[in-house]
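*Asks:* structure for the following, please:
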Amino acid sequence: MIQKKVKTGDVLLSEPFMLDSNFKRSAVLLCEHNDEGSLGFILNKKLDMSVDELIADFPAFNAPVYYGGPVQTDTIHYVHNMGDLLEDSLQVCKGVWWGGNFEKLKFLITSELILPKNIRFFVGYSGWTEGQLEEEMKLKSWVIAGMHPNYLFKSKPSKLWEQIMSNKGDTYAVIATLPDGSTHN
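*Replies:* Next up, the predicted model:
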């Protein structure tokens with residue numbers, strides 16, 4: 001199989017037997033990819049907290065938080081489907097935007113124009129330095145998949161890796177059914 005070139009808006013699926021606990025069976029949305037490096041968020045590692053528990057002066061908002069990755073775990077990031085309604089957000093792919101004006105975000109939440117179903121919050125991020133992701137691709141650590149907004153806003157996070165892998169079809173659908181390799185002795 002020929003591996004296509006990685007680009008912003010792709011989903012990186014960890015190979016099925018990856019040992020790195022940060023990325024085991026993870027689906028990472030790549031929000032930035034250029035010559036200087038890459039940045040993304042793990043979509044399927046839900047934490048047991050809501051965003052209003054993490055940020056002081058944040059409106060009551062029962063939206064879950066996800067582990068975005070091992071880099072700068074003292075930061076909060078967000079990906080949403082609100083587009084230009086949230087100024088300064090960057091379009092990652094069709095139907096998915098990253099970031100935006102934080103004060104406006106709080107206003108839109110208070111006004112109930114942004115609901116938990118419209119946004120996903122992340123603690124930390126996944127990052128790669130210049131050439132690092134390409135090197136990992138050569139080692140076949142990742143499988144590239146296309147992003148669909150439903151993966152972020154409608155899919156069950158605990159089944160996301162299997163769902164996206166299976167949606168690739170053929171060999172990938174078989175890979176999606178493999179046990180995770182964890183042993184419980």
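
*Asks:* ok, residues contacting the helix or strand of the chain with the lowest mean pLDDT?
*Replies:* Least confident helix or strand of the chain, by mean pLDDT, DSSP states H and E, is helix 170-176 with a mean of 81. Helix 170-176 is contacted by residues 1, 16, 143, 161, 162, 163, 165, 166 when judged by Cβ atoms under 8 Å, 6 or more residues apart in numbering. C-betas here are computed from N, CA, C, even on glycine.

*Asks:* let's see 6 Å
*Replies:* By Cβ atoms under 6 Å, 6 or more residues apart in numbering, the surrounding residues in contact with helix 170-176 are 16, 162, 165, 166.

*Asks:* helices - which of the residues you listed land there?
*Replies:* 162, 165, 166 (DSSP state H).

*Asks:* that older thread, buried set for the least confident helix or strand of the chain?
*Replies:* Buried residues in helix 170-176, counted by 16 or more other Cβ atoms under 10 Å: 172, 175, 176.

*Asks:* also stretch 104-117?
*Replies:* Buried residues in stretch 104-117, counted by 16+ other Cβ under 10 Å: 104, 105, 106, 108, 109, 114.

*Asks:* check contacts around the first one.
*Replies:* With contact taken as Cβ under 6 Å, 6+ apart, residue 104 is in contact with 86, 87.

*Asks:* measure stretch 55-72 end to end?
*Replies:* End-to-end distance of stretch 55-72 (Cα to Cα, to the nearest Å): 16 Å.

*Asks:* wait, which of the buried residues of stretch 104-117 is closest to residue 68?
*Replies:* Checking the buried residues of stretch 104-117 against residue 68 by Cβ to Cβ gives residue 105 as the nearest, at 16.6 Å.

*Asks:* brilliant, that's me finished.
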